[in-house]
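S.K.: Provided below for reference: sequence and predicted model.
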Amino acid sequence: MLREYTCIICPNGCEIKVRADGEEVLSIEGALCPKGREYVTQEMTDPQRNIASSVLVKNGELPLASVRLSQRIPKDRIFDVMKEIKKVKLEAPVKAGQVAIHDVLGLGSDVIVTKNVGAI
């Protein structure tokens, strides 16, 4: 089976063509660096993603603070994690690096604040 991927690991954005038998990679064409091969193999067996979003901040100089995950999660759990992120309401002040949710849904990834929001 022939599959096509656009690698998202580095700025090259390689268009990679993979011949595979199930999850076994038979050949890869188009990867300009070794990371492309690693990406495609991981994408075929266990696709993972990171999330960037925002959470509500009460009594803050801004109404929202940006957040991201500390590490990737399974792609099929993105919407479950987003539901948890939408429940979060932090009290100002909020500091970048602060953990908004520890080990979200037991996936081993924390939701981390990435923007300072001072109190009003």
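M.R.: Everything's here; your move.
S.K.: so where do the helices sit in the protein?
M.R.: 34-45, 78-86 (DSSP state H).
S.K.: and those, which is most packed in?
M.R.: For these, the largest average neighbour count (mean count of other CB atoms under 10 Å) is found in helix 34-45, namely a mean of 16. All C-beta atoms are positioned from the backbone trio N, CA, C, and that covers glycine.
S.K.: hang on, the earlier thing: wait, which of the helices of the chain is closest to S53?
M.R.: helix 78-86 (5.2 Å; CB to CB).
S.K.: so what does that closest one touch, helix or strand wise?
M.R.: For helix 78-86, the packing partners by 3 or more CB pairs under 8 Å, 6 or more residues apart in numbering; DSSP states H and E come out as strand 52-58, strand 99-101, strand 111-113.
S.K.: Quick one: mean pLDDT for it?
M.R.: Confidence for helix 78-86, expressed as mean pLDDT, is 98.
S.K.: the inter-axis angle of that helix versus strand 52-58?
M.R.: 20 degrees (axes from the mean of the first three to the mean of the last three CA atoms, to 10 degrees).
S.K.: Now do helix 78-86: distance to the chain's middle.
M.R.: Relative to its chain's centre, helix 78-86 lies at 12 Å (CA atoms, centre = their mean, to the nearest Å).
S.K.: ok, I16 - how many residues close by?
M.R.: By the criterion of other CB atoms under 10 Å, I16 has 20 neighbours.
S.K.: OK, contacts around it?
M.R.: Applying CB atoms under 8 Å, 6 or more residues apart in numbering to I16 gives the contacts 4-7, 28-31, 36, 39-40.
S.K.: quick revisit: among the helices and strands packed on helix 78-86, which is nearest A92?
M.R.: Taking CB to CB, strand 52-58 is the member of the helices and strands packed on helix 78-86 nearest to A92, at 5.3 Å.
S.K.: If I look at the closest residue to C10 other than its chain neighbours, what pLDDT would I see?
M.R.: Closest residue in space to C10, ignoring its immediate chain neighbours: K35 at 6.0 Å, by CB to CB, 6 or more residues apart in numbering. pLDDT, K35: 89.
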